[in-house]
Structure formats: structure tokens, C-alpha cells
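**Q** sequence and predicted structure below; questions after.
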Amino acid sequence: MPYLTAAVVLIGVLCVLNLLLTLGLVRRIRQLSEKNVQHAGPPLVLGPGSTIGEFAAVTVDGEPVSHDSIAGLVGFFSAGCEPCHKLLPQFVTHARALGRQNVLAVVAGDDAEMVAALTPVARVLEEDFDGPVAGAFQNTWTPAVYLLGSDHRVVAAGGRLEDLPVVSPA
């Protein structure tokens, strides 16, 4: 009987040790996978060389914008989108360097804080996902960023600013 008790205790200790090691490995794998996440990018229809569609809209400041009046950096954001909020500070920094006339930001949903952060550095539109600007870009994903040339063609597109070449005024 003492042998049986010792065997059960030994197996129990080994099981607890195995459980602790497994939990430690899972935790470490999660930490490593968060650091090395490969960004597949959003499903964007318009790629480099594409022409954006015609549109006309009015910014939150009452300024009219259209297909013919935009070139430079264009960003699509939405309320409640965690990646959008993570991209926002970097987008604002780049927008400030480009100048307000070279940046257009489209915010879907009701996010007054995001609009307030973007308004000083970009022309900001609030529209639904089926709005005229999203339709012109055939955009259904946020965050999405586009770099447009002076010919209103897409130079680069992606879900992060790192997906674009050096962002400079068109």
C-alpha cells in the first residue's frame, strides 16, 4: 500500500509540473506571436495605378472636396476600431508634416474624439461606410490609407502607414 500511495503522489506531482510547463510555453508562444505578427493588410480593391471614382462631399468644416481636389494622403477610420485608434497618432504626425490641404481623413461612425484629433491636420469627412468617398475608393475596410499622386491615381495603399512609401506631398 505505501508503494501505491507513493506512485499516486509522484504521478500527481508530475501532472502539476507538466501543467505548469505547458502554461509557461503557451504564454511564451503568445508573447512571441504578438511581436512577429505578419500584417496581411486589408482587402483593398484599388491598388497602385488605380484611378479613384468621382465624388463630391463636404468636410466637417463646411469645405467642399471632390475627386479633383484631393492628392496626397487619404485615411479611412471608424469609430470603435482599435487598429484605427492605434494608427491615429502616427497618421496625425504624418498629416501635420504634409500640410492640411494634402490630407483627407474619412471617419465612419460617431467618434468626436477622433474627428477632433484629425481636424487640425486634415480635411475631415464624417460618412457611413456606404458614403460617396468610400464608394469612390471602393473601400470597405478600416483602417485603410492611400497615397494619391497629383493625377488622382493611387500610388500606394495599405492598412498601415508602413505600407506606403515615404509619405510626401504629391
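**A** Thanks, I have the structure now.
**Q** mind checking the longest helix of the chain?
**A** Counting residues, the longest helix found in the chain (DSSP state H) is helix 2-35.
**Q** does anything pack onto it? Which helices or strands?
**A** Using 3 or more C-beta pairs under 8 Å, 6 or more residues apart in numbering; DSSP states H and E as the contact test, no helix or strand touches helix 2-35. Glycine gets a C-beta too; all of them are placed from N, C-alpha and C.
**Q** next helix or strand past that helix?
**A** strand 56-58 (DSSP states H and E).
**Q** show me the contacts for the residue sitting nearest the centre point of the chain.
**A** Residue closest to the mean C-alpha point of the chain, counted by C-alpha atoms, centre = their mean, is P143 at 3.2 Å. Residues near P143 by C-beta atoms under 8 Å, 6 or more residues apart in numbering: 42, 75-78, 81, 83-84, 87, 159-160.
**Q** phi, psi of it?
**A** Dihedral angles of P143 (phi, psi; degrees, to the nearest 10) stand at phi -80, psi 150.
**Q** related to what we said a few turns ago, out of the contacts of P143, which is most surrounded?
**A** F76 (28 neighbours; other C-beta atoms under 10 Å).
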